[in-house]
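Chemist: What follows is a predicted structure for the sequence shown.
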Amino acid sequence: MELRKNYFADVRKDDLHEIGQPRPRSDSPGHVTGKTAFFADRNFPGMLHLKMVRSPHHHARIRSIDTSEAEKHPGVVKVLTAKDVPHNVYTILILIQIGPEDETVLADGKVRWKGEAVVAVLAETERAAQEAAAKVKVDYEVLPAVFDMEEALKPGAPLVNEYHGQNYYLYDSGACRKVRFGDVEAGFAGADHILEQSYQSSPIEHAPTETTGCVVMPEGNDRFTCYTNTQAMFFTLDNTSIILQMPGSKLHFVGGTVGGGFGGKVDVIVEPIAILGAKLTGRPVSFIYSREEEMQISSPRAAEKVVIKDGVMKDGRIIARKVTGYTDAGAYSRHSPYGAQKGAGHYPGPYTIPNVWIDTYCVYTNRTPSSAMRGFGVTIGDFALEVQMDKLARLIGMDPLEFRFINAYRDGDMKAHRQPTEGAALIECMQEASRAANWPVAEKYMAMSSYKNGA
Amino acid sequence: MAKVPVQFTLNGSEEAEFIDSGTTLLNALRDKIGDTSPKGGCHQGTCGACSVIIDGELRLSCLTLAETCSGAAITTLSGLSESGVLHPLQRAFLDTFATQCGFCTPGMIIAAKVLLDHTPNPSRDEVVEALSGNICRCTGYEPIIQAVLTAARANSQNAA
């Protein structure tokens, strides 16, 4: 394959000699000898184990919490409820001014999803913590719950999260993120064919082999060392500082070794409560998700629904695209308002379409809060878009790869969200794919270039 | 809770501990003896990260009670290299990029060692079968299979 030497010519030295040469990974010697220190490999004398009492209901008011029996259980050192958390209502992205704060560290008066943390029990052994957690009595008044995004957006649906006041994230652009480009209705009116399709996905769990957790050591200098497998060290440090109302200088986070993350360890979930436990007991604290918690409690990739309506010409040009995207945030925002926004920018795909209309909604339901996972906000969208592309090609009787050549974006094309295309290489990639996959296309497509003038 | 004594050989060294009755071998090794090379990924016998060798047999330490191991000879990943020289499997995992996050690696190498101890020149299918109790979420398994086959070849060349 010919390397396009004119790309980034001013910053390229072209003294490349690393490709094809194996270079050892710096972390691998530790992995193959068992010396790599994962967070749970830290063990301190007198360490307490934290277990969480979780909501058995999807949506309920908490009438009362009785921890007296749990506190009397042998080995129990401390039982924490919402009133113990200095700043109990938080949201991760408040650090970049994406509010409102909408999630409780420990449930206060209400639970909004099945599995939500209600009471934290700290005990001498894991077993004692587990047994005591089972003795916490929570009196719930079960409320109607909503699990479907379109149901949640209907008038009269149960309100999931009072901090938002409606079952969608309110962007500065309104109820959804919007992209408007050209005149989509005029495009449909002039199209030879219209194809409207709906695509849906379920939540997906990352299932890392190492479960989420942290080990906290209260140090003699009044600081707390937190060994954690977070993928978002500074998000976690700063949010912990807010939640515990504790200066960041008191917090020493040690991490970077993650036993599989895939985006599933970017939320701020275990560290604040474990550090609070260490602060209130003066003892080291270990809070490690069980495998069941990892699968049921940790954030999955959001369920999504994508409705795509395309206007296409017989000659293969897509002249109008209207997309409505729904991202199921579950009960709390976490990273989903950002994911839904990414979708809005992404839905035209790597194609140049003159008339585009996009609305993406970040919707609240009584499901497990979703968050980051490998390309969240675009991966499901890509599935929907490329299936749609194949269907459109079939509709007009065109080869699906040639259909993509006709619509591929090229340098200088304006994208729907007003970012001019530069450094495009889609055509060259497809030419290479055509050869590699032995899927021939007409010679005129093999002669195309991402440069419109063919330079 | 009543403590019970356990005594076994770990990677050639005599170990003796008093443990709570019912403690798994995984927790005894990690929390009492301080060998953290076996990992706890599920604590229910499904992921294989806790794999160890007990008297020559591949075992899941999360499903093995420590008190049943008295008198046994136990091998973990941390006992594989001798005097700082990597075991051929460790070398092969390193050279063929068979580790990513590293969490499944201890169990993978231990399971592979038991295979090669019994079957020095395994077929690819035999490698796949031997690793079928070990979950990796990063690599897609192919580099791990290649590492085991590479180590087997290195062994047979050394023996020749």
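Modeler: Received the coordinates, thanks. The model shown is predicted, which means the values in this text are computed figures rather than measured ones.
Chemist: Nearest to chain B: which residue in the stretch 51-200 of chain A?
Modeler: Nearest residue of the stretch 51-200 of chain A to chain B (CB to the nearest CB) works out as residue A:125 at 7.8 Å. (Glycine included, C-beta is placed from N, CA and C.)
Chemist: you'd agree that residue is up against residue A:49?
Modeler: Yes. Assessed by CB atoms under 8 Å, residue A:125 is found in contact with residue A:49 at 6.2 Å.
Chemist: out of the two, which sits in the more crowded spot?
Modeler: It is residue A:49, of residue A:125 and residue A:49, that has more neighbours when counted by other CB atoms under 10 Å in any protein chain shown, with 21 against 15.
Chemist: Need the three-state assignment for that one.
Modeler: What DSSP: H, G, I helix; E, B strand; the rest coil gives for residue A:49 is strand.
Chemist: how long is stretch B:91-102 end to end?
Modeler: When the termini of stretch B:91-102 are compared using CA to CA, to the nearest Å, they are 14 Å apart.
Chemist: can you give me the offset of it from its chain's centre?
Modeler: Distance of stretch B:91-102 from the chain centroid (CA atoms, centre = their mean, to the nearest Å) equals 15 Å.
Chemist: same check, this time on stretch A:256-269
Modeler: Chain-centre distance of stretch A:256-269: 11 Å, with CA atoms, centre = their mean.
Chemist: Leaving out the residues flanking it, which one is nearest to residue A:210?
Modeler: Among residues not flanking residue A:210 along the chain, residue A:259 sits closest, at 2.4 Å (CB to CB, 6 or more residues apart in numbering or on different chains).
Chemist: Can you give me the neighbour number for that neighbour?
Modeler: A count of nearby residues for residue A:259, using other CB under 10 Å, gives 27.
Chemist: helix/strand/coil for the residue of the stretch 151-300 of chain A found nearest chain B?
Modeler: Nearest residue of the stretch 151-300 of chain A to chain B: residue A:259, at 3.2 Å (CB to the nearest CB). Assigned with three-state DSSP, residue A:259 falls in the coil class.
Chemist: gap between it and residue A:344?
Modeler: Residue A:259 sits at a distance of 34 Å from residue A:344 (criterion: CB to CB, to the nearest Å).
Chemist: What values do phi and psi take at the residue of the stretch 51-200 of chain A closest to chain B?
Modeler: Main-chain torsions, residue A:125, degrees, to the nearest 10: phi -130, psi 160.
Chemist: wait, what's in contact with it?
Modeler: A:49, A:75, B:20 (CB atoms under 8 Å, 6 or more residues apart in numbering or on different chains).
Chemist: Kindly report the same for residue A:360.
Modeler: Contact partners of residue A:360, counting by CB under 8 Å, 6+ apart, are A:176-177, A:323-327, A:340-341, A:343-344, A:347.
Chemist: Closest to chain B out of those?
Modeler: Of those, the one sitting nearest to chain B (CB to the nearest CB) turns out to be residue A:327, at 24.0 Å.
Chemist: Run a quick neighbour tally on that closest one.
Modeler: So residue A:327, with other CB under 10 Å, has 32 neighbours.
Chemist: for residue A:392, same thing?
Modeler: 23.
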